[in-house]
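In: model the structure of this input:
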Amino acid sequence: MIGQAAILCGGRGIRPGGDHRDTPKPLLPVGETPFLDVLVFELAHHGIKKILLLAGFQAHNIIEYATSTPLKSQFGLEIVVQVESQPAGTGGRCGEARDKLEEIFFLLNGDSWFDVNLLALAGPVAEDPSTAGIIALRRVDDTARFEVVELSGRRVVGFAERPAQRGSGLISGGSMC
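Out: Alright, predicted model coming up:
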């Protein structure tokens, strides 16, 4: 059983516009609660008790969230925040946090929700230790705003920058193991 998840919380809330330019995207409200509550609730619902928030932009807001979310006591969660020393992208953030990460963990984008059974997603990793990771993919009609995932059979062989021509393709659903 996988007991830890890391959530990428470094994004700026620029595209939504309005008064949110100084708010990390994971903390933008959905109804009355921050979006990050949706992710933390789902992780807790799947039995994940250790959550590492990988923060960058406005990290103090992520730290405040981690100490004050009622989900922490409701589910008995351990929520730790790792603040990046400099903007380093996804790989850099994970690299800086490697001493806080378990050997196998879930990695989620903090600004997107993909309704996927996390336990089923982790199954192939548990069954075959040589598996480097599993990524949940989603087909979209227009990939113009996304990096496209390139496959060879069922294996990811690359990520292409946003394509110049519109078209359908597979993108990361934001959930990885």
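
In: quick check: residue 41 vs residue 34, distance?
Out: 11 Å (C-beta to C-beta, to the nearest Å). For every residue, glycine as well, the C-beta is placed using N, CA and C.

In: and these two? which has more neighbours close in?
Out: Comparing residue 41 with residue 34 by neighbour count (other C-beta atoms under 10 Å), the higher total belongs to residue 34, at 21 against 15.

In: how about the strands of the protein, start to end?
Out: Secondary structure of the chain (DSSP state E): strands at 4-9, 29-30, 33-34, 50-55, 78-83, 106-109, 135-140, 148-152, 155-160, 169-176.

In: for this structure, what helix or strand is lowest in average pLDDT?
Out: When each helix and strand of the chain is scored by mean pLDDT, DSSP states H and E, helix 89-96 comes last, with a mean of 69.

In: how about the contacts made by the closest residue to residue 144 other than its chain neighbours?
Out: Distances taken as C-beta to C-beta, 6 or more residues apart in numbering put residue 166 closest to residue 144, at 5.2 Å, once the chain neighbours are dropped. Counting by C-beta atoms under 8 Å, 6 or more residues apart in numbering, residue 166 makes contact with 142, 143, 144.

In: and for the second one, the neighbour number?
Out: What it means is residue 143. Counted with other C-beta under 10 Å, residue 143 comes out at 20.
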